[in-house]
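[1] Next input, structure requested:
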Amino acid sequence: MEKWKDPKLWKAGLICGVALFCGSSLQQIALLYTDAGKAGFITAMYIVLVPILGCFIHRKPPKTAIFSVILAVIGLYLLSCVGVTEILMVCALGFAVQILCVDHFGGDLDGFRMNCVQVLAVLVLSAVFMLATETVNMADVTASMGSIAYTGILSTGIAYSLQILG
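    As a prediction, the model looks like this:
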């Protein structure tokens, strides 16, 4: 029980959770305006944003990163230059910040516990925004329980725990 009381764990989990919430929420909003394939490609730009953002915290990216960023930006431009691209780029930025935060905080902490706090932060922020912007219909929630369980257990619980441990 003592391990759960570590203030560093809560600080790290909450910071990572806010970044993860931003990325996930903006991706969901963008899906209202574009198809999943385009959203997935643009969101995956976080992969090239991580080394760029790393420069701001004194982490020198490999030389190949510059070439990769140029190719990714060209691909992004060819894919879509209107409307939803801005939302998804900020979404990708949220995921990139989350990865850098996990890298920064994760080494000293229990990865599983840090993910629990991170997911708790996402849950609380999501609930607040859901209640402020949507009408909750329990029939819809019940009908979506399979998708909710898959996302909560596999995509968030297991995948992000493995990311932190990795």
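
[2] tell me which element C16 is part of?
    Per DSSP states H and E, C16 falls inside helix 7-30.

[3] Name the residues of that helix that come out as buried.
    Using 16 or more other C-beta atoms under 10 Å as the test for burial, helix 7-30 gives 9-10, 12-27, 30. In short, each C-beta sits where N, CA and C put it, glycine included.

[4] immediately after that helix, which helix or strand?
    Next helix or strand after helix 7-30 toward the C-terminus (DSSP H and E): helix 36-43.

[5] helices or strands next to the following helix or strand past that following helix in the packing?
    Sequence-wise, the next helix or strand downstream of helix 36-43 (DSSP H and E) is helix 46-54. Helices and strands touching helix 46-54, by 3 or more C-beta pairs under 8 Å, 6 or more residues apart in numbering; DSSP states H and E, are helix 63-79, helix 85-106.

[6] so how far is helix 46-54 off the chain centroid?
    13 Å (C-alpha atoms, centre = their mean, to the nearest Å).

[7] Stretch 116-128 now?
    The answer for stretch 116-128 is 12 Å, by C-alpha atoms, centre = their mean.

[8] M130 - how many residues pack around it?
    12 (other C-beta atoms under 10 Å).
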